[in-house]
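A.B. asks: for reference, the sequence and a predicted model appear below.
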Amino acid sequence: MDGVSVPARPVGLTRFCSKALRAAGFTTWDVAVLLCGDERIRDLNRRFRGKPDPTDVLSFPREEGWQGEPVCGDIAVSLDTLERNAARFGTSENDEMKRLLVHGLLHLAGMDHGRGKSGKMLALQEKLLLQLQPDMIYGGGERRK
């Protein structure tokens with residue numbers, strides 16, 4: 001949690017990721033999630049994608065899956081950008097976190113939305129988000145350092 005204020009009690013993050021992966025049809029995985037701020041995600045985006053700006057979520061698939069499963073890697077989420085996105089889209093930070101996690105998990109599963117491929121990935125993302133809509137990732141609206 002890279003020095004940024006984080007939502008109180010992110011207890012449901014692991015449970016949500018597990019449930020989202022099962023709902024997408026994956027039974028085993030090895031995924032790590034970094035919660036960070038814009039400064040850290042900007043550095044990662046510059047280093048690995050050559051883009052100078054912060055972004056909301058980055059996925060880093062491992063070259064070889066764990067026990068042959070395709071969902072294996074790391075996800076970085078900028079809580080600063082998440083907060084701005086939630087305000088801009090008129091949604092809760094909890095729902096925006098779910099959107100970013102599902103998006104990152106689908107990238108780890110090998111899905112892509114670039115160059116005309118967005119339909120299938122984003123359709124599955126929306127289907128999963130509807131299915132997982134009642135799930136909570138963290139409780140309380142306050143942030144803590």
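C.D. replies: Received the coordinates, thanks.

A.B. asks: longest helix in this structure, by number of residues?
C.D. replies: As assigned by DSSP state H, the longest helix anywhere in the chain is helix 93-108.

A.B. asks: what's the helix or strand just after that one packed up against?
C.D. replies: Downstream of helix 93-108, the first helix or strand assigned by DSSP states H and E is helix 118-131. Counting contacts by 3 or more Cβ pairs under 8 Å, 6 or more residues apart in numbering; DSSP states H and E, helix 118-131 packs against helix 12-23, helix 93-108. (Each C-beta comes from the backbone N, C-alpha and C, glycine too.)

A.B. asks: for Gln125, see how far away the closest residue to Met97 other than its chain neighbours is.
C.D. replies: Leaving out its chain neighbours, the residue that sits closest to Met97 by Cβ to Cβ, 6 or more residues apart in numbering is Ile137, at 5.1 Å. Ile137 sits 16 Å away from Gln125, going by Cβ to Cβ, to the nearest Å.

A.B. asks: picking up where we left off before, neighbouring contacts of the longest helix of the chain?
C.D. replies: Contacts with helix 93-108, where a contact means Cβ atoms under 8 Å, 6 or more residues apart in numbering, come from 7, 13, 16-17, 20-21, 24, 29, 31, 33, 56-59, 61, 70-73, 75, 77, 82-83, 85-86, 89, 121, 124-125, 128-129, 132, 135-138, 141.
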